[in-house]
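Novice: Please find the sequence and the predicted model below.
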Amino acid sequence: MKSRSSRSAWLLSCAMLAASFHVTAQKRKGKDKDKAAPSAEVKADTTSKKPEPPKLKKYSEVITKDMVTSKGFITVHSKEDEYFFEVPFSLMGKDILIVNRVAEASVDMRNGIWGLVGDDIGQGVYRFERGRGNKLFLRRISFTEYTGDSTKPMYASVQKNNLQAIAAVFPIAAYNEDSSAAVLNMKEFLESDNDILYFSKQAFKDRAGMGAQQNDRSYIKYVHPYTTNLEVRAFKTYSAGRNPTSSNYSVELNSSMVLLPESPVRPRLQDKRVGFFSVSHRDFDAHPQGVTNATYAIRWRLEPKPEDVEKYKRGELVEPVKPIVFYIDPVTPKKWVPYLIQGVNDWKVAFERAGFKNAIYAREAPSREEDSTWSLEDARHSAIVYRPSIIANAMGPSVTDPRSGEILESHVFWYHNVMSLLQKWYFVQCAAVDTGARKLVLDDKLMGELIRFVSSHEVGHALGLAHNFGSSSTVPVENLRNKAWVEKYGHTPSIMDYARFNYVAQPEDNISRAGLFPRINDYDKWAIEWGYKWRPDFKDEWEEQKALTAIVTDSLKNKRLWFGNEMEPLDPRSQNEDLGDDAVKASTYGIMNLKRIIKHLGEWTNEPEKDATNMREMLSTLFNQYATYVGHVMKIVGGQYHYEKIGSQPGPVYEAVDYKRQKEAMTFLDKEFFTIPEWLNEKSLMERIPDKFGIDLTDMYRSAMNGMLNRMRLTAMLAAQYDDKVANTYTVEELLQDMDKSIFKELYAGKSISFYRRNLQKIYINKLLDMVYPNDDNELMFSAMNQMYTYYQTDMSDALKAALMKAQQLIARYQADPRLDKESQRHLKELNIKIRKMGEKDLRY
């Protein structure tokens, strides 16, 4: 018989699974029966009983006969404002994506492009889990870190360091008849203002100025379960919060609970030389001696039907198991529906390159009579959502499976006012060559074709494609004036470029709209083939990546397939709104057309029954177009080509733009920009437009100066200057000398300075002063943005100060020159005083 001491230890270890040091201590006591008895605390633990869980009601007591039952992957029982979810235990541990959207919006919640139907207000992945007692937990799942091999020691370590948070706890109200599911009373959860089903972040509500939920004015409209998803529609009223324009907001919110595939699609590892959006996580399996980021291109799941697999492998076109379908929002004006549909269907030819026919198409949403359960907010449906908004925009976001990058659905947002933007773009870029553009209201057929092109561009984003800002730079400028060539091949190889229309074409070229409009082209078809061709012969994504990498390397021998990242800060080939391989030539042609258009702008925009408001807006658009052309050339100065390469590709990754091209750019800027473009001051327009805000050359010069004397640009020039592999470099010193000669050319000629030129000189001197004598706030800002250098630690500071001192000497010499008028003399005197005072005040010099 065991002693009292050893018996207590044995009972304690069995009942409570005590920690190992307690067990060791009790074993030691069992060997020495004369030791003291356990403490009173231990005695109490050994005699206490586990609390019994509360008894549950019977299923029939909770789910009564007067309830309405709707079956789905979660069965829903409802009566008036009560909702019970019957959650099967087979669902435990499975991934559920919850996507929340605005279903009906309040006009007072607008904030820029946000605050309209379809806005994503939160999404996340969750799992149900059996909790302690009669409870179910809902855990929020993070995919930031990943390891998939459960046989390796690292797997357990990663799991321990990635404990998933419990987002909600649900008491079980009853079990179903065969105990295969738990019944949960969801009334309180659905009606609350929780961050799982509704606004996932306070920032979303803050953006609209929303305060607390008003419970007495909020309710659940319906809950609809389906085979793989469940839809919750809630009417919510919020106080106005920090927004003084309204006392409260009422909105309708939709939450989609989507059961993710048990087997995620095989991911496709990103290749930066092909422009796809991506998802990523830290992967502890991929690197043999460390950790790496696994980055997956986002794509829809396209696979051949089982009976067509062999046909597909033989290269025959087959239909996918599940095509990509976009529904057109029922509220879309009927005359634009065919063009939006065609913009989607145009992608069919690209998917044929990937081996699939009828892989993508658009159709009108079913009417209530055809399908009463169809909803635009249902996460199973992709749609082009028409938004009644003053915002002139369109966008193509998508919802993805974070485990694999699989696109699950997309809502392409089409803002009504984007048509005004299309009309303005087409007017200032093509009115010189297309008579149909010479009006404020375009014919429906022309506007429809413009809508079609933008629809294709935004659907491209919904397919996973990123902007390709470098595509148009692969086309020789002179080809853009060749009627036969440009109408056959298009003015850019990618519709994902921001190469709106062919502004290079001149009136005498007689180029039709086929040579003016963008289209789905060579790069787009190649990128879709890379992303969507089904490749089942590889064992995993890493083996597949090796083959795809070789394919991309070989394919890029064709320059038309080059991808230029939109985030390139210094590469002049990657720019928005530009055309051709020579920005100087292309911008020269563009300006020639603007000079033609501005002479007729008053005639083409005149509205006899209205004032000059629309005329002013069109003139402002023309000014902006001119500034865009100048900006394209400006990016050449101090430019740096970036070649995205893998290890097997030889040659440099970064390379300075050659000296000759940079000098040509400076010559252009001197002629077309720093010399006042008097042609913009069209008298027939200016005398009719009282409000010239937004069409001021001074603002344009201020923006240009900040761009020219940009710290990143000058740093890149310094790096090239001291690279012994660069034979002939355009230096910072030469740039400043060229700017000095151009900006102060009147002084070198002994002439008076005009109004705009005086403003330009003020802007230039102020910019130099800011850079040579930065205040503490400026220095902190620059240090935060660019941590490569500070002004005081490189030769940049010396070059800038030398340029400032040279300008001061020139200004001092001519400030009293009798050949200059009084305005010019006073202007120079003030500049001289300002430079001197700044130098005296700065103690660092």
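Specialist: Everything's here; your move. Because the structure is a prediction, the values reported are computed rather than measured.
Novice: low pLDDT regions in the stretch 151-300 of the chain?
Specialist: The stretch 151-300 of the chain contains residues with pLDDT under 70 at 242-246.
Novice: Contacts for stretch 636-643, please.
Specialist: If you take CB atoms under 8 Å, 6 or more residues apart in numbering as the criterion, stretch 636-643 is touched by 565, 568, 570-574, 583-584, 651-657, 661-662, 664-666, 669, 708, 710, 713-714, 716-717, 720, 730, 735. Using the backbone N, CA and C atoms, a C-beta is placed for each residue, glycine as well.
Novice: again, only using 7 Å
Specialist: The set of residues external to stretch 636-643 that reach it, using CB atoms under 7 Å, 6 or more residues apart in numbering, is 568, 570-573, 583, 651, 653-657, 661-662, 665-666, 708, 713-714, 716-717, 735.
Novice: gap between that stretch and the chain center?
Specialist: 24 Å (CA atoms, centre = their mean, to the nearest Å).
Novice: about what we covered before: of the contacts of stretch 636-643, grab the buried ones for PyMOL.
Specialist: Burial among these is assessed by 16 or more other CB atoms under 10 Å; the matching PyMOL selection reads:
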select buried, resi 568+570+571+572+573+583+655+656+657+661+662+665+666+708+713+714+716+717+735
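Novice: In strands, which of the contacts of stretch 636-643 appear?
Specialist: 654-656 (DSSP state E).
Novice: Mind putting these into TSV with distance to residue 145?
Specialist: What follows is those, written out as TSV (distance: CB to CB, whole Å):
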residue	distance to residue 145
654	32
655	37
656	40
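Novice: just the residues you listed now: which is nearest residue 150?
Specialist: residue 654 (42.7 Å; CB to CB).
Novice: Residue 300 - how many residues pack around it?
Specialist: A total of 25 residues lie near residue 300 under the criterion other CB atoms under 10 Å.
Novice: pLDDT averaged over stretch 390-398, what's the number?
Specialist: Summarised as a single mean, pLDDT over stretch 390-398 is 82.
Novice: which residues sit against it?
Specialist: 113, 120, 298, 407, 409-415, 417-418, 420-421, 454, 458-459, 461-462.
Novice: Can you tell me the closest non-neighbouring residue to residue 819?
Specialist: residue 750 (4.8 Å; CB to CB, 6 or more residues apart in numbering).
Novice: from what I can see the one you found touches residue 813, true?
Specialist: No. In this structure residue 750 lies outside contact range of residue 813 using CB atoms under 7 Å: 10.4 Å.
Novice: Pretty sure residue 284 sits against residue 154.
Specialist: Yes. Using CB under 7 Å as the test, residue 284 is close enough to residue 154 to be in contact (5.1 Å).
Novice: who has more neighbours, these two?
Specialist: Applying other CB under 10 Å to residue 284 and residue 154 shows that residue 284 carries more neighbours, namely 20 against 13.
Novice: For the residue nearest to the more buried one when sequence neighbours are not counted, give me its contacts.
Specialist: The spatially closest residue to residue 284, leaving aside those adjacent along the chain, is residue 147, at 4.2 Å (CB to CB, 6+ apart). Residues near residue 147 by CB under 7 Å, 6+ apart: 154-155, 158, 284-285.
Novice: Looking at those, which are in helices?
Specialist: 154-155, 158 (DSSP state H).
Novice: For residue 619, state which of those is nearest.
Specialist: Nearest to residue 619 among the ones in helices among the contacts of residue 147, with distances taken as CB to CB, is residue 158, at 60.6 Å.
Novice: Next, the distance between the ends of stretch 239-256.
Specialist: 25 Å (CA to CA, to the nearest Å).
Novice: Can you pull out the residues in contact with it?
Specialist: 98-106, 108-109, 197-198, 208-212, 214, 229, 231-238, 377-379.
Novice: ChimeraX command for the buried members of the residues you listed?
Specialist: Here is the ChimeraX selection string for the buried members of the contacts of stretch 239-256, based on 16+ other CB under 10 Å:
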select :98,99,100,101,102,103,105,106,108,109,197,198,208,209,210,229,231,232,233,234,236,237,238,377,378,379
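Novice: thinking again about what came up before, so among the contacts of stretch 390-398, which ones count as buried?
Specialist: 298, 407, 409-415, 418, 421, 454, 458-459, 461-462.
Novice: Nearest to residue 278 among those residues?
Specialist: Out of the buried ones among the contacts of stretch 390-398, the member with the shortest distance to residue 278 (by CB to CB) is residue 298, at 6.2 Å.
Novice: Surely that closest one and residue 279 touch.
Specialist: Yes. With contact defined as CB under 7 Å, residue 298 reaches residue 279; the gap is 6.2 Å.
Novice: what do the two both touch?
Specialist: In contact with both residue 298 and residue 279: 400, 405, using CB under 7 Å, 6+ apart.
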